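Engineer: Mind folding the following:
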Amino acid sequence: MGKNKILVIEDEDSIRELLAMNLEAVGYEVDLAVDGVEAEEKIRRDEGSCDLALVDVMLPGPDGFDLIEWLNKKEIPCIYLTAKADVASKVKGLRLGAEDYMVKPFEMMELFARVENVLKRRRKLKDFIELGDCRIDLAGHKVFEEGREISLKPMEYDLFLFLCRNQNVAFTRNQLLDKIWGGGYGGETRTVDVHVASLRKKLKAGSRIRTIPKLGYRLEV
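Structural biologist: Alright, predicted model coming up:
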């Protein structure tokens, strides 16, 4: 997969490991820093490989607000993650140049959406996704497998892309209907089954889409 690299700066071991595990599960490359000193060194040495930083505000050594100067110099967009929910802290972070500000605890799906939005806004989102011999051309809205273009209908493409961007995450049929067809779609969940069956038939990579009994589907890597 053409992976975006995320720098996670978090001093709490459990949170840092959870973030890394979930980000890697959906296809990001992850680098870690446990405090402000390590983070500053990694940011200073960065040669354009890091696409975004998730930064805890309250860090040992230089805190998250102190690090923003180096992040800005390296043109690394920043999303602050913090337990501080007061408006003054949010305003300070945004005025310093942060792209977004999330208060702990938060849902991982919301974090993924905000990360993707920032990468798109800063034009850092990779323009292709690779899954084995399968390659999704995001700019051309095309799918290639073993070098050959595979003809997918628009909703098949959207469904496959969504599952690829959320690897190893299970979704109910209703969630997929809402995400792909929209909340106002009045069709039945059987529509999802038909499109998954078609993807499995057209793409070898479609075999990675697993049926989760009594739930829905998950694309496994």
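
Engineer: Quick one: the strands in this protein, in order.
Structural biologist: 5-9, 29-33, 52-56, 78-82, 100-103, 128-131, 134-137, 142-145, 148-150, 171-172, 209-212, 216-219 (DSSP state E).

Engineer: Adding mean pLDDT and mean neighbour count, write the ones you listed out as CSV.
Structural biologist: C-beta: built from backbone N, CA, C; applies to glycine. Converted to CSV, the strands of the chain look like this (pLDDT from 0 to 100; neighbours: other CB atoms under 10 Å):
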stretch, mean pLDDT, mean neighbour count
strand 5-9, 96, 24
strand 29-33, 95, 18
strand 52-56, 97, 26
strand 78-82, 94, 22
strand 100-103, 93, 18
strand 128-131, 84, 18
strand 134-137, 91, 19
strand 142-145, 94, 18
strand 148-150, 96, 13
strand 171-172, 94, 18
strand 209-212, 96, 14
strand 216-219, 96, 21
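
Engineer: Tell me the predicted confidence for Met1.
Structural biologist: Per-residue confidence (pLDDT) for Met1: 46.

Engineer: and the helix or strand of the chain with the lowest mean pLDDT, which strands flank it?
Structural biologist: Here the helix or strand of the chain ranked lowest by mean pLDDT, DSSP states H and E is strand 128-131, holding a mean of 84. Strand 128-131 has the following strand partners under DSSP bridges: strand 134-137 (antiparallel).

Engineer: now the partner strand, how far from the centre of its chain.
Structural biologist: Centroid separation for strand 134-137 versus its chain: 17 Å, with CA atoms, centre = their mean, to the nearest Å.

Engineer: which residues touch it?
Structural biologist: 127-130, 142-145, 160-161, 164, 203-205 (CB atoms under 8 Å, 6 or more residues apart in numbering).
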